[in-house]
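S.K.: let me see the structure of the following:
(one chain, ligands or ions: 2)
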Amino acid sequence: MRKIIVDTDPGQDDALALMTAFGAKEQLVVLGITCVAGNVPLDLTSVNALKICELSGVFDVPVFLGSATPLERKLVTAEHVHGKTGLDGTELRVRNKEVELTSAMDFIIECAEKYRDEKITICALGPLTNIAKVLTKNPGVTGAIDEIVLMGGGFFEGGNITPAAEFNIYVDPEAAKIVLDSGVKITMLPLDVTHKTLVQRDFLEKLRKSGKNSAREAAKLLDFFERYDVEKYGSQGGPLHDPNVIVYLLNPAIYKGKLVNVEIEINSELTRGMTVVDWWRVTNRKPNAYYINDVKDDKFFEIVLNKVLSLEI
Ligand code: RIB
Ligand code: CA
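M.R.: Ligands and ions are numbered 1, 2, ... in the order given. Okay, here's the model as predicted:
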């Protein structure tokens, strides 16, 4: 059983990642959800996290407010992909859940201290601002973090918010640099692998026909989310990015990658947020991330479907 904290900027794909984690009770204990500004501002990502918990019938996982802006940069959001609310595609409501008073950063530090022996895993689905703040404020926390598994970056696939950069890294490149320089074990799931998990028609149909409200609503979220990517990539379905972080924890054997050095561009405006991956080890830079570039996509969708359909409601 892994104890995980999900740091997130919901976002429809973040929603599917959270639902997959909630449905994997036999393998994952979700200690809490820490929200960050990214796809939409923090006041919306936090409400969206509450909505996803209620949609999933999960009321015992605390939700915390994190950073409303990147460490140094002006916030860049992605309403063009996720819609004005960040969860366009359906109307979700929050009736019985509220955010906690503790800050996201303090919660992560408290968990690291409480579970120092067992260690915790941080699943990062958005810009890395919260995590960078924790690592800077309390460097000793690295000893209590087993692994940071993050969706972010791209190399062979280029970028999705600029030709050079993937959104999560682009929004806060300084934070990404702090995380990659931290010495914590890092597994990266970049566009090179998430562009191989394109939403499949039969996957959506099985969600719709499941007889479960949470699965039906998830299908509506994905219908909205993938319209932008299908137009952009001309593919049969949009890339389902964030659930790869959770599925990797549940079944790493369906993924392939390499331990390499990854540096973050923070100086050039043209290539801001680019993940410079020394895939062919042409430098003597120290490897600092397990960089994943392949997945068995059928297995990926099988796991996401199985976990989402195991939700009670
Ligand atoms: O580039 C894709 C990433 O940016 C995903 O995490 C998506 O939710 C957005 O945050
Ligand atoms: Ca996200």
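
S.K.: rest of the way, CA atoms for contacts and neighbours
M.R.: Will do.

S.K.: and residue 257, which helix or strand is it part of?
M.R.: Taking DSSP states H and E as the criterion, residue 257 maps to strand 255-260.

S.K.: name the strands paired with that strand and say parallel or antiparallel.
M.R.: Strand 255-260 pairs in its sheet with strand 289-295 (antiparallel), by DSSP bridges.

S.K.: alpha carbons of the strand it pairs with, in PDB - could you do that?
M.R.: The C-alpha trace of strand 289-295 is given here as PDB (Å, rounded to 0.1, in the frame of the first residue of the first chain):
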ATOM      1  CA  ALA A 289      14.900  11.300 -13.500                       C
ATOM      2  CA  TYR A 290      13.400   8.100 -14.800                       C
ATOM      3  CA  TYR A 291      12.000   9.500 -18.100                       C
ATOM      4  CA  ILE A 292       9.200   7.400 -19.500                       C
ATOM      5  CA  ASN A 293       8.600   7.300 -23.300                       C
ATOM      6  CA  ASP A 294       6.400   4.200 -23.900                       C
ATOM      7  CA  VAL A 295       3.300   2.500 -22.600                       C
END
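
S.K.: residues contacting it, please?
M.R.: Strand 289-295 is contacted from outside by 180, 185-190, 192-193, 196-197, 254-262, using C-alpha atoms under 8 Å, 6 or more residues apart in numbering.

S.K.: next structured bit after the strand holding residue 257?
M.R.: strand 262-264.

S.K.: packing partners of the next helix or strand after that following strand?
M.R.: With elements assigned by DSSP H and E, the helix or strand that comes after strand 262-264 is strand 275-277. Here strand 275-277 is seen to pack against strand 262-264 when contacts are counted using 3 or more C-alpha pairs under 8 Å, 6 or more residues apart in numbering; DSSP states H and E.

S.K.: which helix or strand in this structure has the lowest average pLDDT?
M.R.: Lowest on mean pLDDT, DSSP states H and E among the helices and strands of the chain sits helix 213-233, with a mean of 90.

S.K.: now the angle from whichever helix or strand comes after it to strand 255-260?
M.R.: Using DSSP H and E, the next helix or strand after helix 213-233 towards the C-terminus is helix 243-250. Put simply, helix 243-250 runs at 90 degrees to strand 255-260, going by axes from the mean of the first three to the mean of the last three C-alpha atoms, to 10 degrees.

S.K.: neighbouring contacts of stretch 76-89?
M.R.: 10-12, 37-41, 44-45, 48, 171, 220-225, 228.

S.K.: tell me which parts of the chain are close to ligand 1?
M.R.: 9, 11, 13-14, 39, 125-126, 151, 166-168, 241-242 (C-alpha under 6 Å from any ligand atom).

S.K.: could you list which of those residues belong to strands?
M.R.: Of the positions in these, residue 151 sit in strands, assigned by DSSP state E.

S.K.: from the residues of the chain next to ligand 1, which single one is nearest residue 215?
M.R.: Residue 215 has its nearest neighbour among these in residue 13, at 13.5 Å by C-alpha to C-alpha.

S.K.: spit out the contact partners of that closest one.
M.R.: 222, 225, 240, 241, 242, 243.

S.K.: ok, 7 Å please
M.R.: Residue 13 sits next to 240, 241, 242, 243 when contact means C-alpha atoms under 7 Å, 6 or more residues apart in numbering.

S.K.: same check on residue 278?
M.R.: 260, 261, 262.

S.K.: out of these, who's nearest ligand 2?
M.R.: Proximity of the contacts of residue 278 to ligand 2 (C-alpha to the ion) peaks at residue 262, which lies at 20.2 Å.

S.K.: which strand residues bridge that closest one?
M.R.: Residue 262 has the following beta-bridge partners by DSSP bridges: residue 277.

S.K.: then residue 145?
M.R.: Counting by DSSP bridges, residue 145 is bridged to residue 120.

S.K.: does it really touch residue 117, like I thought?
M.R.: No. Using C-alpha atoms under 7 Å, residue 145 makes no contact with residue 117, being 9.8 Å away.

S.K.: so between these two, which is more surrounded?
M.R.: Neighbour comparison, residue 145 and residue 117: the larger count goes to residue 145, with 24 against 12 (by other C-alpha atoms under 10 Å).

S.K.: quick one: the more buried one from residue 118, how far?
M.R.: The gap separating residue 145 from residue 118 is 9 Å, by C-alpha to C-alpha, to the nearest Å.

S.K.: many thanks, have a good one.
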